[in-house]
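**Student:** Dropping the sequence and predicted coords here.
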Amino acid sequence: MTEYLVRRLLQSVLVIFLITVATFLLIHAAPGGPTQVMLAPGLSPEAMAQQKANMGLDKPIPIQYIKWVGGLLQGDLGYTFKNHIPVGDLLWPRMANTLILMGVAWFVSLIIAIPWGIYNSTREYGLSDQTSSFISYLGFAMPSFWFGILLQQWLSLELDWFPLSDMHSRGKEGDIGDLFMHLVLPVSVLALGFLASYMKYARASMLEVLDQDYIRTARAKGVKERKVVFRHALRNALIPIITVIGLDLPILVAGAALTENVFNWPGMGRFYVENALAREYSVLMAITIVTAVIVIIGNLLADILYAVVDPRVKISGKGGKSA
């Protein structure tokens, strides 16, 4: 177990290193890259050379990369090019806003999708199964921005049940009740997408497990159906679901840009789009690295959860997981 975790940790460090190299090189190789953004227009060649020296842009690319990574290791995400504001001061509050929105949507979808998918696997092609299939197809096919606009038109403008946009009403910052009301519409949009995926995976995974020989044997021995489903089948069925949830971590961290823009939610997705249009490359690099680190940590935790969910899955020291 310890050897496996050390090896995975070393692999994660290597992946993060490669991501930093690729991100840095792509950003600096882009047309109109950091040099064009950071340097004031109309400068004389002498003044431009001096400004480059002041910003470290006169150094070779490897030296600039080492300096940038050194700052990252100390928690310094850099400064915005145009206003010279610390990127962390802008990034962390927006990440917190995104985690609130995406976390609630993710939690709501999980507590609905997993039990519903399990129920449908035991009553295949029934009314509940057909209803969930319709909702899943709707979630996969309907553009999130269009669904968001429909909810705004109907529930906000026509019925006046929920706020149209933003995270708080003016003067009610910090009010939990006001935050809840602002969460309802964007969470509904995002949860539909998560719900469609998780419900399908939960149902398909449970059907596959329920068709195994050891499940038939348990039933033949007279084991109660509830015990067969929740004790014998569920643990194995959860393993692919955990994998899917791990793959959704980039969405959870980076945020759904379209939904955040439709509802004017001050989160990571909207922040990324705004800074991409403004060519604030230091912000884009910081978002990429922070997202990558959290996703890698999440995938490592998912590997550990395999062994927690199913005791038969053991993390070996030589070859990863073995059953």
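**Tutor:** Cool, got the structure. Residues are numbered from 1 along each chain as shown.

**Student:** Could you pull up the contacting residues of Gly246?
**Tutor:** Gly298, Asn299, Ala302 (C-beta atoms under 8 Å, 6 or more residues apart in numbering). Quick note: C-beta positions are derived from backbone N, CA and C, even for glycine.

**Student:** Among the residues you listed, name the ones in helices.
**Tutor:** Counting by DSSP state H, the contacts of Gly246 place Gly298, Asn299, Ala302 in helices.

**Student:** could you point out where this protein is predicted with low confidence?
**Tutor:** 1-2, 4-5, 28-44, 48, 51-52, 54-58, 250, 253-255, 306-323 (pLDDT under 70).

**Student:** Would you mind listing the buried residues in whichever strand or helix holds Ile245?
**Tutor:** Taking DSSP states H and E as the definition, one finds Ile245 inside helix 234-247. By neighbour count with 16 or more other C-beta atoms under 10 Å, helix 234-247 contains the buried residues Leu234, Arg235, Asn236, Ala237, Leu238, Ile239, Ile241, Ile242, Thr243, Val244, Ile245, Gly246.

**Student:** Would you map the strands across the protein?
**Tutor:** When assigned using DSSP state E, the strands of the chain occupy the ranges 314-316, 320-322.

**Student:** which one of the buried residues of helix 234-247 is nearest Met102?
**Tutor:** Taking C-beta to C-beta as the measure, Met102 sits nearest to Ile245 out of the buried residues of helix 234-247, at 12.4 Å.

**Student:** what residues are up against the residue lying closest to the closest one once chain neighbours are set aside?
**Tutor:** Nearest residue to Ile245, sequence neighbours excluded (C-beta to C-beta, 6 or more residues apart in numbering): Ala302, at 7.2 Å. By C-beta under 8 Å, 6+ apart, the contact set of Ala302 is Ile242, Thr243, Ile245, Gly246.

**Student:** Isn't the first one up against Leu305?
**Tutor:** Yep, that's Ile242 we're talking about. Yes. Counting by C-beta atoms under 8 Å, Leu305 is a contact partner of Ile242 at 5.4 Å.

**Student:** Most widely separated two among the contacts of Ala302?
**Tutor:** Thr243 and Ile245 (7.3 Å).

**Student:** Hmm, Val87 and Ala286 touching each other?
**Tutor:** Yes. Ala286 lies in contact with Val87 (C-beta under 8 Å); the separation is 4.8 Å.

**Student:** what touches both of the two?
**Tutor:** Contacts common to Ala286 and Val87, judged by C-beta under 8 Å, 6+ apart, are Leu77, Gly78.

**Student:** Let me see the ranges of the helices in the stretch 201-323 of the chain.
**Tutor:** All helices of the stretch 201-323 of the chain, identified by DSSP state H, counting those that start in this stretch, fall at 213-220, 225-227, 234-247, 249-254, 257-262, 268-277, 281-309.

**Student:** how about the CA coordinates for stretch 214-225, as PDB?
**Tutor:** C-alpha atoms of stretch 214-225 as PDB (Å, rounded to 0.1, in the frame of the first residue of the first chain):
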ATOM      1  CA  TYR A 214     -22.400 -15.100  -7.300                       C
ATOM      2  CA  ILE A 215     -25.600 -12.900  -7.300                       C
ATOM      3  CA  ARG A 216     -27.600 -15.800  -8.700                       C
ATOM      4  CA  THR A 217     -26.100 -18.100  -6.100                       C
ATOM      5  CA  ALA A 218     -27.000 -15.700  -3.300                       C
ATOM      6  CA  ARG A 219     -30.600 -15.500  -4.500                       C
ATOM      7  CA  ALA A 220     -30.800 -19.300  -4.900                       C
ATOM      8  CA  LYS A 221     -29.700 -19.700  -1.300                       C
ATOM      9  CA  GLY A 222     -32.700 -17.600  -0.300                       C
ATOM     10  CA  VAL A 223     -30.800 -14.400   0.600                       C
ATOM     11  CA  LYS A 224     -33.300 -11.500   0.900                       C
ATOM     12  CA  GLU A 225     -33.300  -9.200  -2.200                       C
END
